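1. Sequence first, predicted model second:
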Amino acid sequence: MDNITIYSVYVKTDERRNITEVNSSAFLSDTSAWTKVGEGFDDKYHHAQGNYLEKGIVDSDGCYNYQYINGAIVERTSDDKQAELVSRQPALLSTDEKIELSEARSLTNAFELYMELTGGV
């Protein structure tokens, strides 16, 4: 019978509970600064950096895709990410300008989704 190695998956989070790193017990010698979130035997667990989180650590805008809340990995909402993008805007923008920019991005996303769903009609 084959020996199966069980690997543990660990995450690190920032002050907002965003998951900023993922790794496997196969590659960590000290897990004291990490939180264990799962275990298994295949590549999802052995090579967790690229396989454990379906959408990866960050999206195309550089926003974290997941948070670790109350012992569970939770996907961040598009509203959370929009708020993050707005908060990254230069301090020179007023609150009204930031809101306007956020609404413009939402409209752009809605238009792109409409075009995708309708085939550009």
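-> Nice, thanks for sending it over.
2. in the protein, which spans are strands?
-> 7-13, 19-24, 35-40, 66-69, 72-75 (DSSP state E).
3. how about those strands, which one is nearest Ile57?
-> Ile57 lies closest, by Cβ to Cβ, to one member of the strands of the chain: strand 19-24, at 6.7 Å. For the C-beta atoms, the positions are set from N, CA and C on the backbone; glycine is no exception.
4. then the closest one to CSV, C-alphas only?
-> Output of strand 19-24 as CSV, limited to C-alpha atoms (Å, rounded to 0.1, in the frame of the first residue of the first chain):
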residue,chain,number,x,y,z
ILE,A,19,-5.5,36.6,3.1
THR,A,20,-2.1,37.9,1.9
GLU,A,21,-0.2,34.6,1.7
VAL,A,22,-0.9,30.9,1.3
ASN,A,23,1.6,28.1,1.8
SER,A,24,1.9,24.4,2.6
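5. Throw the strands of the chain into a markdown table and include mean neighbour count, mean pLDDT and distance to Ala48, thanks.
-> Listed next are those as a markdown table, based on neighbours: other Cβ atoms under 10 Å; pLDDT from 0 to 100; distance: least, Cβ to Cβ, whole Å:
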| stretch | mean neighbour count | mean pLDDT | distance to Ala48 |
| --- | --- | --- | --- |
| strand 7-13 | 20 | 98 | 4 |
| strand 19-24 | 19 | 97 | 4 |
| strand 35-40 | 14 | 97 | 8 |
| strand 66-69 | 17 | 98 | 13 |
| strand 72-75 | 12 | 98 | 12 |
